[in-house]
Each structure stands twice: as C-alpha cells, then as structure tokens.
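Engineer: Fold the stuff below for me.
(one chain, ligands or ions: 2)
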Amino acid sequence: MQNPSPIQIKHSPNRQEYIAKVVVTAVQMRDIEERIFATGMPVAALMEKVAGLIALRVQQLFPLSSNSYRVGILVGPGHNGGDALVVARELHFRGYEVWIYSPFSQLKELTAQHLEYAQSLGISCDGNIEQLRNCDFLIDGLFGFGLERQLTDAIASTINQFNEWQQPIISIDIPSGLHTDTGEVLGTAIRATYTLCLGLWKLGLLQDHALEYVGKAELIDFDITLADIESVLGNTPRIRRITRKTALSTLPLPRPAVTHKYKEGHLLLICGSRRYAGGAILTALGARASGVGMLSVAVPESLKYLLVSHLPEALIIGCPETETGAILELTLPENTDLSAFSAIACGPGLTREATPIVQQVIESDRTLVLDADGLNILAQLETIPTLQKRQATTVLTPHTGEFHRLFPTVSDAKHDRITAVREAAAESGAVVLLKGARTAIANSQGIVWINPESTPALARGGSGDVLTGLLGGLLAQATKKQIPVEDIVATAAWWHSQAGILAAQERTELGVDASTLTQYLMPVLSTHET
Ligand SMILES: NC(=O)C1=CN([C@@H]2O[C@H](COP(=O)(O)OP(=O)(O)OC[C@H]3O[C@@H](n4cnc5c(N)ncnc54)[C@H](O)[C@@H]3O)[C@@H](O)[C@H]2O)[C@H](O)CC1
Ligand SMILES: [K+]
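Structural biologist: Ligands and ions are numbered 1, 2, ... in the order given. The predicted model follows:
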C-alpha cells in the first residue's frame, strides 16, 4: 500500500508526506467534501476531476498500446456510480470497448445525467450482467463511502457473480460492500484487484478483515488542500498510517560523535524459561539488532551459557529458578536496581510461574514493554488499572488472543480493531500495540497509528519475540531523546514488518523464520536512505 500512484501531481514533499499519513472515516471524508463544495467547487467539477484521474490510472494499468480491451463498468446509485460513468465515457473516447451495467432504477441526479450522456454516445448500457462475462476487466463503481446498509438480494448475488468470474476488478474508492470505517463486509463485497482510494486513505482499507477484498490499494491524490483537511481533522490527525519517512525519523541516527555505551541506552530483557529457551534468544537477537548501547538479559540460571553462546556482546544475568525452570527471583548485579536501566522488556517465554517478576517490573519507574507471558500474567493479576499509576510509559503488545484475555470488556477486536485498540489504551493508560496483518497502535489520548504494509510470512512462532526485543532496544535508546514512546512503538512495528517483507522477497513467504528475520532488520535500513 505504500507505493504512491504513478500519477504524479506536483505538491510539496511535506504535503505528500502528510497526505500519506492521514486516515479518515466516512463522516470525516464527507465533511471535507462538504467544505470543498461550500467554498465554491462545483460537485460536478470535482467528480470530473477525480474520475479523470481514475481514468488515467486505468489507462496505465491496462494500456491500449499492448492490447485491445473490453471494459465492464458497474454503476451504483450514488456518486461512486457517477465517478464510474465519467471513467466509462473517458475510456470510450480513448478507444476502449465499454459496457455499462447499471442495475438501479433510482440514481442521484448527477449520476443519472452522466448515464444519459453515456447512452447518447452509443455506449452499450443495460442491467444485464451477462454482457460483462466477456469483459477483460471491470470497474467497480457500485458503492463508495455512502454505503451504510447490508447488501442483499439481487445486488448481493450480482457481486458474488462478479467475484466468481475472476476478471481483474478495479474498485473506485473502496471495494463495494465494505464498510468504509470498519472494513466489514456488509453482506457481500467485491474482491478487488486494485482499489483506487480517492483523496485520503479510508480507515476500512486498513482493517485486517478488509485486506482480502482490497487487492493492491493506491491513493489518487486530487489536491484536497491542507486547510480543508485540517478544518475537519484538526492539526494532528487522530488516525495515522505509519510511513517510511516518519519511522526512519525516530531512529537514533546519526549517533553523536562523542558518546559511550550507556548513553546509547541500557535495555533489560527479562525472558525465557527452561521450557521456552528459544524465545529468550530471539528476543535478545531482536534487541541486539536495534543498536542499543548495552543489553542485559535476565534468564533462569540454567539458560545462562546458552544465551552467552548466542549473544557474546550481551550481559547475561542468570537468575535463581523454580523447579520447572522459570525465573524465581530477579538477581541484578550488585548496587543495581531496576532504575539503572533505560527501559525494560519482559515476557517472552517466562511461563505463568514468573508472576512476582511481572509485579516487580510494573512497580518500577522505567519504560516497560510487556509481551507474551508478561501479558498473560497481567491478565491473571487483574492489575490493568494500576498501570495508570506507573511513573513511566507501559507498552502492551498483544496478539488478538492475548488482547481478549487482557481486555475482556473492550469492543470486539474482530469487528473493529481500531476502536478496540483505542478503548484498550484508554482503559489501561498504556500504549497498546495490537498485532495483526495491519498492526494498530493506540495511546491513551486516542491517537492511532496503523502499519500499512506487512507480510503473512511473519505469521510464525518467534516473530513477536523479535519485535519485543527490537522495541525494547529502541525505547532504551530513545529515553533521553524526548521522542514520544508511541512514535518509537510505531517505528518498531514498521521496521519489523519491513524486515519480514524484505526477507520474504528474497526467500519466499515460507523462508522467514524468526532467527532469519533478525538478520533482515539491518538490511532494511541500508536498502533505504536513512
Ligand atoms: N470527496 C470525495 O472523495 C469524492 C467522492 N466522490 C465519490 O462519491 C462517493 C460517495 O458518493 P455517495 O453518493 O455519497 O455514496 P455512494 O456512491 O457510496 O452510494 C450511496 C448510495 O447508495 C444507496 N445505498 C446505500 N446502501 C445501499 C444498499 N445496501 N442497497 C442499495 N442502495 C444503497 C444510498 O442511498 C446512496 O444513494 C465516493 O465514494 C466517491 O466515489 C465524488 O465523485 C468526488 C469527490
Ligand atoms: K466502489
């Protein structure tokens, strides 16, 4: 989703970056549109402009220079249908063979006018779906952000038919049938090959359950002014896509010429058990890749030399252990307490026996990441409200299962992950990172960051441990640099998934085991300008 549309509009780099970040709901988009109209832009002119850009993009995707094309245009009752009709007209004039499918008897006025004009040009137009079976590709203008009700009956079965035919489908704004905010399927939905999202990213396109419908999503920038956006969203958008540029900008680079290891952050990892020794290694390897100045890893005594052999540069603290090999007690080096560290990350592989350790780190005054068993113990302790009293920020990094255990009363994350993660952050006062295909991060003020790119290659045991270590290492380096914790969390999520993408490109989606993933973290930075 990151690649900008090849249709380049000359704008300042700052505006481009801002537009890439902003995410809107249907109501916000309608309000922005209303403002554009209220300040003098005629509705028909805006439709003409937007659809003209869509038509250009379609011509790039299916160029007549390489083939002749028969195009089916699916027309809905609203302005999404109007856009589609303008595209139909433009493609007709450019030499495409165009077939319009317009099944609704009631159309908005502008849409009806465009239909009438298209018919007057001799473009084939009816409500017979069979005409579209032999089209090379379809353009979906059935519904955009105006869809609010479930799709049923004839239109639902028609959409199912289009999906079965399996021609490429280009959806205008959003695949018809998806809810613009939650990304939920309202009865049924078009499975698009491309989604050309208009003006600003719609929230629904960034929700996990929408992904199998969205295909390759691109933004069509139609010059909405920053003033119009800010008049509706305020100065800082409350839902943001994480971009490469913002992620890189929070990295502790370049280092000052004169520094030393403790100035570059000291992370304490608390992880592992005899049962889950590998989790401790992976977490520590993730932390090592963050560039953190000093890394201490507290593990059960029996794992000490295993860890040393994998991470000769880290200080491995062997702790007394329970009979089953979980950490019994944290034994820090002499004259050291938890406030000696810049940040603490705790949880991977601990087992639920390590409850007192989790209690102890919660009571510390350090920035704290809790993951895996750290979260399971937190859920058992029912101490989430006490996190509000911590002197430093807490970061919780649950996957969906852990999220439900931690926040049983929060809205269903399957229904709307963004609302759920926001509620969880408000309830806990923590920064909550909800893992998924589109990882979402929220702080207690209700600001949300969404990671817009990832790979299913990361759906593998140990990936999360790597993220915890990486995040801990970045937080330890950032503590003295006044970078907000939530920005670092967003950077870690971005960096981790980019490493997965890079590794999958070279090794396929089957080749990204967690150990290998740690090897791809640094190349992400060297393949991008920093
Ligand atoms: N600002 C912009 O981005 C621009 C957007 N444009 C396009 O306009 C659509 C939004 O148009 P709107 O007319 O508001 O809504 P829709 O086209 O999505 O259609 C709503 C239409 O459908 C009816 N309806 C709703 N639910 C159902 C249902 N379940 N069954 C049948 N009918 C239903 C509803 O009553 C409405 O009449 C946006 O996405 C863009 O594509 C502009 O063209 C340019 C600027
Ligand atoms: K659509």
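
Engineer: For the stretch 101-250 of the chain, which residues are neighbours of ligand 2?
Structural biologist: With CB under 5 Å from the ion as the criterion, the stretch 101-250 of the chain comes near ligand 2 at residues 140, 171, 172, 176. C-beta coordinates here come from the backbone N, C-alpha and C atoms, glycine included.

Engineer: go again using 8 Å as the cut-off
Structural biologist: Applying the criterion CB under 8 Å from the ion, the portion of the stretch 101-250 of the chain that neighbours ligand 2 consists of 140, 141, 142, 143, 144, 171, 172, 173, 174, 175, 176, 190.

Engineer: Correct me if wrong, but the fifth one is in a helix.
Structural biologist: No: when the secondary structure is assigned by DSSP: H, G, I helix; E, B strand; the rest coil, residue 144 falls in coil instead of a helix.

Engineer: Find the nearest non-adjacent residue to it, please.
Structural biologist: Beyond its immediate neighbours in the sequence, the residue positioned closest to residue 144 (CB to CB, 6 or more residues apart in numbering) is residue 80, lying 3.3 Å away.

Engineer: Next, count neighbours for the one you found.
Structural biologist: Other residues near residue 80 number 26, with proximity taken as other CB atoms under 10 Å.

Engineer: Contacts only, for residue 317.
Structural biologist: For residue 317, the residues meeting the contact criterion (CB atoms under 8 Å, 6 or more residues apart in numbering) are 296, 297, 298, 299, 304, 330, 331, 332, 333.

Engineer: As CSV, the residues of the stretch 101-250 of the chain next to ligand 2 with secondary structure and distance to residue 432 would be great.
Structural biologist: Formatted as CSV, the entries for these read as follows, by DSSP: H, G, I helix; E, B strand; the rest coil; distance: CB to CB, whole Å:
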residue, secondary structure, distance to residue 432
140, strand, 35
141, strand, 37
142, coil, 36
143, coil, 32
144, coil, 31
171, strand, 31
172, strand, 34
173, coil, 30
174, coil, 27
175, coil, 28
176, coil, 32
190, coil, 32
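
Engineer: Tell me the residue of the stretch 151-300 of the chain that sits nearest ligand 1?
Structural biologist: The shortest separation between the stretch 151-300 of the chain and ligand 1 is 3.8 Å, found at residue 173 (distances taken as CB to the nearest ligand atom).

Engineer: In this structure that residue contacts residue 146, no?
Structural biologist: No: under the criterion of CB atoms under 8 Å, residue 173 is not in contact with residue 146, lying 9.7 Å apart.

Engineer: which of the two has more neighbours?
Structural biologist: The residue with more neighbours, out of residue 173 and residue 146, is residue 173; 26 against 16, by other CB under 10 Å.

Engineer: sorry, back to before: measure the residue of the stretch 151-300 of the chain closest to ligand 1 to residue 462 for me?
Structural biologist: With the distance defined as CB to CB, to the nearest Å, residue 173 ends up 39 Å from residue 462.

Engineer: what do you get for residue 286?
Structural biologist: The gap separating residue 286 from residue 462 is 9 Å, by CB to CB.

Engineer: Look at those two and report which has more neighbours.
Structural biologist: The residue with more neighbours, out of residue 286 and residue 462 and counting by other CB under 10 Å, is residue 286; that gives 31 against 22.

Engineer: helix/strand/coil for the more buried one?
Structural biologist: The three-state assignment at residue 286 reads helix, by three-state DSSP.

Engineer: quick one: average pLDDT of stretch 333-353?
Structural biologist: Model confidence over stretch 333-353, given as mean pLDDT, is 95.

Engineer: Provide the count of other residues in contact range of residue 327.
Structural biologist: Using other CB under 10 Å as the criterion, the residues surrounding residue 327 number 29.

Engineer: Please apply the same query to residue 149.
Structural biologist: 8.

Engineer: residue contacts, the closest residue to it other than its chain neighbours?
Structural biologist: With CB to CB, 6+ apart as the criterion, residue 149 has its nearest non-adjacent residue at 7.0 Å, and that residue is residue 186. Residue 186 makes contact with 147, 149, 150, 151, 177, 178, 179 under the criterion CB under 8 Å, 6+ apart.

Engineer: again, only using 10 Å
Structural biologist: Contacts here follow CB atoms under 10 Å, 6 or more residues apart in numbering; on that basis residue 186 touches 143, 147, 148, 149, 150, 151, 152, 156, 176, 177, 178, 179.

Engineer: contacting residues for the residue of the stretch 151-300 of the chain closest to ligand 1?
Structural biologist: Going by CB under 10 Å, 6+ apart, the list of residues near residue 173 reads 29, 50, 54, 79-80, 83, 140-141, 143-146, 180, 195-199, 202, 205, 220.

Engineer: if I look at it, how far off is residue 519?
Structural biologist: Distance, residue 173 to residue 519, by CB to CB: 40 Å.

Engineer: do the same with residue 247
Structural biologist: 20 Å.

Engineer: Report the contact partners of the residue nearest the centre of the chain.
Structural biologist: Most central residue of the chain, judged by C-alpha distance to the mean C-alpha position with CA atoms, centre = their mean, is residue 451 at 2.7 Å. By CB under 10 Å, 6+ apart, the contact set of residue 451 is 1, 206, 241-242, 247, 433, 435-441, 490, 492-498.

Engineer: same question, residue 105
Structural biologist: So, once contact is read as CB under 10 Å, 6+ apart, residue 105 ends up touching 77, 127.

Engineer: quick one: what helix or strand has it in it?
Structural biologist: Under the criterion of DSSP states H and E, residue 105 resides outside all helices and strands.

Engineer: Got the phi and psi for it?
Structural biologist: According to degrees, to the nearest 10, the main-chain angles of residue 105 amount to phi -80, psi -30.

Engineer: Equivalent analysis for residue 203, please.
Structural biologist: Taking degrees, to the nearest 10 as the convention, residue 203 sits at phi -60, psi -40.

Engineer: Over to residue 37?
Structural biologist: The phi/psi pair for residue 37 (degrees, to the nearest 10) reads phi -70, psi -40.

Engineer: was I right about it contacting residue 46?
Structural biologist: Yes: using CB atoms under 10 Å, residue 37 and residue 46 qualify as a contacting pair, with a distance of 7.5 Å.

Engineer: who has more neighbours, the two?
Structural biologist: Each of residue 37 and residue 46 has its neighbours counted (other CB under 10 Å); residue 46 has more, 20 against 12.

Engineer: Quick check: the more buried one is in a helix.
Structural biologist: Yes: using three-state DSSP, the assignment for residue 46 is a helix.

Engineer: who touches the residue nearest to it when sequence neighbours are not counted in this structure?
Structural biologist: By the measure of CB to CB, 6+ apart, the closest residue to residue 46 outside its immediate chain neighbours is residue 36, 6.5 Å from it. Listed by CB under 10 Å, 6+ apart, the contact set of residue 36 reads 42, 43, 46, 199, 222, 223, 224, 225, 228.

Engineer: so the last one is in which element?
Structural biologist: What that stands for is residue 228. Using DSSP H and E, residue 228 maps to helix 226-233.

Engineer: who does whichever helix or strand comes after that helix touch, helix- and strand-wise?
Structural biologist: The C-terminal neighbour of helix 226-233 among helices and strands, as given by DSSP H and E, is strand 239-241. Strand 239-241 sits against helix 13-21, strand 23-24, strand 201-202, strand 440-442, strand 448-450, helix 485-507, with contacts defined as 3 or more CB pairs under 10 Å, 6 or more residues apart in numbering; DSSP states H and E.

Engineer: Out of those, flag the one nearest ligand 1.
Structural biologist: Using CB to the nearest ligand atom as the measure, strand 201-202 is the one of those that comes nearest ligand 1, at 8.5 Å.

Engineer: What is the end-to-end distance of stretch 354-374?
Structural biologist: Stretch 354-374 stretches 8 Å from its first residue to its last (CA to CA, to the nearest Å).
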